[in-house]
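1. coordinates for the following, if possible.
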Amino acid sequence: MNILAIPVPSHGEKFETLLEKEEITIEAIVSSEDPEPSLYDQDHDEAVLLVEGEAVLEMAGEKVVLKKGDFLYIKAHVPHKVLKTARGTRWFAVHLGQNRC
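-> A predicted model of the protein is given here:
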């Protein structure tokens, strides 16, 4: 799959699962300029790589600005949400410790 070919949604984010294996899930995410305001408090660790665009997140009450090429590791149970994204922002997200099999 080519994540550059995933269309930009008109609202929120589009999630495409690239791999699910044992306790690892890898997703490609494409964001509109109007991201979902969901607060995440996950039972597992997550690592994200911003491939294209820009994003502003809130993590444990602090703002985090991500630009193209930035990597962020989010430990389990650290509350976080996406506040703002540039249209067409593309991410890889690796979820670690999920037991989906």
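2. show me the contacts for the closest residue to Lys14 other than its chain neighbours.
-> In space, and not counting its chain neighbours, Lys14 is closest to Val30: 4.7 Å by CB to CB, 6 or more residues apart in numbering. C-beta: built from backbone N, CA, C; applies to glycine. With contact taken as CB atoms under 8 Å, 6 or more residues apart in numbering, Val30 is in contact with 3, 6-9, 13-14, 16, 88-91.
3. so, low pLDDT: which residues of this structure?
-> Along the chain, segments meeting pLDDT under 70 span 98-101.
4. where do the strands sit along it?
-> Assigned by DSSP state E, the strands in the chain fall at 13-21, 24-31, 45-52, 54-59, 62-67, 71-74, 80-85, 89-96.
5. any idea which of those gets closest to Pro37?
-> Nearest of the strands of the chain to Pro37, taken as CB to CB: strand 80-85 at 6.2 Å.
6. measure how that closest one sits relative to strand 89-96, angle-wise.
-> 170 degrees (axes from the mean of the first three to the mean of the last three CA atoms, to 10 degrees).
7. just the CA coordinates for strand 80-85, please, in CSV.
-> What follows is strand 80-85, C-alpha atoms only, in CSV (Å, rounded to 0.1, in the frame of the first residue of the first chain):
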residue,chain,number,x,y,z
HIS,A,80,-3.4,12.8,24.5
LYS,A,81,-5.4,14.3,21.7
VAL,A,82,-4.9,15.9,18.3
LEU,A,83,-5.7,19.6,18.5
LYS,A,84,-4.8,20.7,14.9
THR,A,85,-3.5,19.3,11.7
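8. that one: how far from the chain's middle?
-> For strand 80-85, the separation from the chain centroid amounts to 9 Å (computed by CA atoms, centre = their mean, to the nearest Å).
9. give the buried residues for that strand.
-> 80, 82, 84-85 (16 or more other CB atoms under 10 Å).
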